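Colleague: Sequence and computational prediction follow.
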Amino acid sequence: MMATLIDVRNLLALRGRMDAQQLSNELHLPRAMIDAMLERMEAMGKAQRIRQQATGCLTGSCKQCPDGKTACAQEWWTLR
């Protein structure tokens, strides 16, 4: 059975906030499919993206990381 936008919405309502990988794992869908569904929900005004910048790297290696601090940043999704 394929999950729908309603399934994504219901899971976000139940959990409050989740990242895309958590949604992907819970609904057994590929990450690309979840990303597309979340972007569609955002465009419809039903979901909100929350970007949280990392205040510090646990290993202290963010300066050497080729992706910089964006690799440590988290992105959460909630309902509007």
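Modeller: Received the coordinates, thanks.

Colleague: all helices for the chain, in order.
Modeller: Assigned helices in the chain, in chain order: 5-15, 20-27, 31-43 (criterion: DSSP state H).

Colleague: And the pLDDT at the closest residue to residue 12 other than its chain neighbours?
Modeller: Distance criterion C-beta to C-beta, 6 or more residues apart in numbering; nearest residue to residue 12, sequence neighbours excluded, is residue 79 at 5.1 Å. (Glycine included, C-beta is placed from N, CA and C.) Confidence at residue 79, expressed as pLDDT, is 96.

Colleague: Of the helices of the chain, which is nearest residue 75?
Modeller: helix 20-27 (7.1 Å; C-beta to C-beta).

Colleague: what's near enough to touch the spatially closest residue to residue 41 that is not a sequence neighbour?
Modeller: Distances taken as C-beta to C-beta, 6+ apart place residue 47 nearest to residue 41, at 3.8 Å, with adjacent residues excluded. If you count contacts by C-beta atoms under 8 Å, 6 or more residues apart in numbering, residue 47 has them with 8, 9, 12, 38, 41, 77, 78, 79, 80.

Colleague: count of residues packed around the nearest residue to the last one once chain neighbours are set aside?
Modeller: Meaning residue 80. Computed as C-beta to C-beta, 6+ apart, the closest residue to residue 80 that is not its neighbour in sequence is residue 48, at 5.1 Å. When neighbours are counted by other C-beta atoms under 10 Å, residue 48 registers 15.

Colleague: do the same with residue 43
Modeller: So residue 43, with other C-beta under 10 Å, has 9 neighbours.

Colleague: roughly how far apart are the residue nearest to residue 33 when sequence neighbours are not counted and residue 14?
Modeller: Of all residues not flanking residue 33 in the chain, residue 24 sits nearest, at 7.7 Å (C-beta to C-beta, 6+ apart). According to C-beta to C-beta, to the nearest Å, residue 24 stands 16 Å off from residue 14.

Colleague: In terms of neighbours, single out the busier of the two.
Modeller: residue 24 (19 against 9).

Colleague: CA atoms of stretch 16-25 as PDB?
Modeller: What follows is stretch 16-25 as a C-alpha-only set of coordinates in PDB (Å, rounded to 0.1, in the frame of the first residue of the first chain):
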ATOM      1  CA  GLY A  16       4.400  17.000  16.400                       C
ATOM      2  CA  ARG A  17       7.600  17.400  14.400                       C
ATOM      3  CA  MET A  18       9.700  14.900  12.400                       C
ATOM      4  CA  ASP A  19      12.500  15.000   9.900                       C
ATOM      5  CA  ALA A  20      12.100  13.600   6.400                       C
ATOM      6  CA  GLN A  21      14.200  10.500   7.200                       C
ATOM      7  CA  GLN A  22      12.000   9.600  10.100                       C
ATOM      8  CA  LEU A  23       8.900  10.000   8.000                       C
ATOM      9  CA  SER A  24      10.500   7.900   5.300                       C
ATOM     10  CA  ASN A  25      11.400   5.100   7.700                       C
END
